[in-house]
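> Sequence first, then the predicted structure, then my questions.
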Amino acid sequence: MAQAKVIDGKALATQLNAALQEKITAFTAQQRAPRLAVVLVGDDYASGVYVQRKRNACAVVGIDSVDVRLPHAVTQAKLAAQIAELNAEPSIDGILVQLPLPPHLVASEIIALINIAKDVDGLHPLNQGLLNRGAAQHVPCTPLGVMRLLQHAVGSLAGKLAAVIGRSVLVGQPLSRLLLHADASVINMHSKTPNPSQLARQADILVAATGVPRLVTAAWVKRGAVVIDVGINRTEAGLVGDVDYEAVCHVAAQITPVPGGVGPMTIAMLLHNTYNAARRKLQP
Ligand code: GUN
């Protein structure tokens, strides 16, 4: 049976990072290295791994990263004061608060305190609202990474029917908006959508961002579709996506693997946003 072409997010991210490294080298010679503050609260293992990956990637392209670690029990007021300090520090260009925060903290209120020019995660409510007009200072990294992957794999998205499964603030909602801006027609599905497989099966481009391991089976996928799997689920069987890769790769024309698909692109876009933040501040 025919096998889908693998969309290699790792290779594309490596290529983008190499180009960014060159720009950062030139920028640093003129100004100073871009600097990202990475705020991690508590000792969640997965969050620790993600933060370390982001910091390693910063080092590769020449971005300084500042490690801000706070104990699990930190209060909302203390964390808010830390954000205020980072906002006021001129040498910090970007601020990333790793999510999720411990349950006693209100993440949306913390994110809303970040200076929008430093909001390299694109999660501040103003940036989210401005995204609707195509005018955000920063676009969230995972949706931006998915768009870059699609532009690489498909080229123009104009006139394509895209189905996004998941409506999170981090991925599904901003991605639906970006696809619309790229002239795709968009169906944004979610857990209350009746007959999701029937809708999904119409789509030329199918993006799964649900956090449900292997939700998307071959029956959800139109023959020849392009499938992007945003899921990273830790299961007893190891790391799996939201897509049943083994089955879907016989139906789709192109598909992202997990790992090695969207994940590296998310980090590449964080680096891109951080460089942009520094450039806008120092070379307005
Ligand atoms: N946790 C999972 N994904 C993300 C992300 O893109 N940004 C932040 N800050 N936390 C996350």
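Looks like it came in fine.

> Could you check how far the closest residue to G211 other than its chain neighbours is from I114?
Nearest residue to G211 in three dimensions, chain neighbours excluded: G231, at 6.2 Å (Cβ to Cβ, 6 or more residues apart in numbering). C-beta: built from backbone N, CA, C; applies to glycine. Distance, G231 to I114, using Cβ to Cβ, to the nearest Å: 27 Å.

> Identify the residue of the chain closest to the ligand, quick one.
L99 (3.6 Å; Cβ to the nearest ligand atom).

> number of nearby residues for that residue?
15 (other Cβ atoms under 10 Å).

> ok, it touching S108?
No - with contact defined as Cβ atoms under 8 Å, L99 does not reach S108; the gap is 10.2 Å.

> Pull the contacting residues for the residue of the chain closest to the ligand.
47, 107, 170 (Cβ atoms under 8 Å, 6 or more residues apart in numbering).

> do you know how far it is from D121?
Here L99 is placed at a distance of 8 Å from D121 (Cβ to Cβ).

> cool, A84 as well?
17 Å.

> Give me the more crowded residue out of the two.
Comparing A84 with D121 by other Cβ under 10 Å, the one with more neighbours is D121, at 24 against 13.

> Which pLDDT value belongs to that one?
Listed pLDDT for D121 reads 98.

> Now do the helices in the stretch 101-250 of the chain.
107-111, 125-131, 141-154, 172-181, 196-200, 245-248 (DSSP state H, counting those that start in this stretch).

> elements contacting the fifth one?
Contacting helix 196-200 under the criterion 3 or more Cβ pairs under 8 Å, 6 or more residues apart in numbering; DSSP states H and E are the following elements: strand 161-165, strand 185-189.

> go on, the third one?
With contacts taken as 3+ Cβ pairs under 8 Å, 6+ apart, helix 141-154 sits against helix 9-30, helix 172-181, strand 205-208, strand 226-229, helix 262-282.

> Enumerate the residues of the stretch 1-150 of the chain near the ligand.
96-99, 121, 141-142 (Cβ under 6 Å from any ligand atom).

> can you put those in a markdown table and add distance to L149?
Formatted as a markdown table, those follow (distance: Cβ to Cβ, whole Å):
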| residue | distance to L149 |
| --- | --- |
| L96 | 21 |
| V97 | 25 |
| Q98 | 23 |
| L99 | 22 |
| D121 | 19 |
| C141 | 12 |
| T142 | 11 |
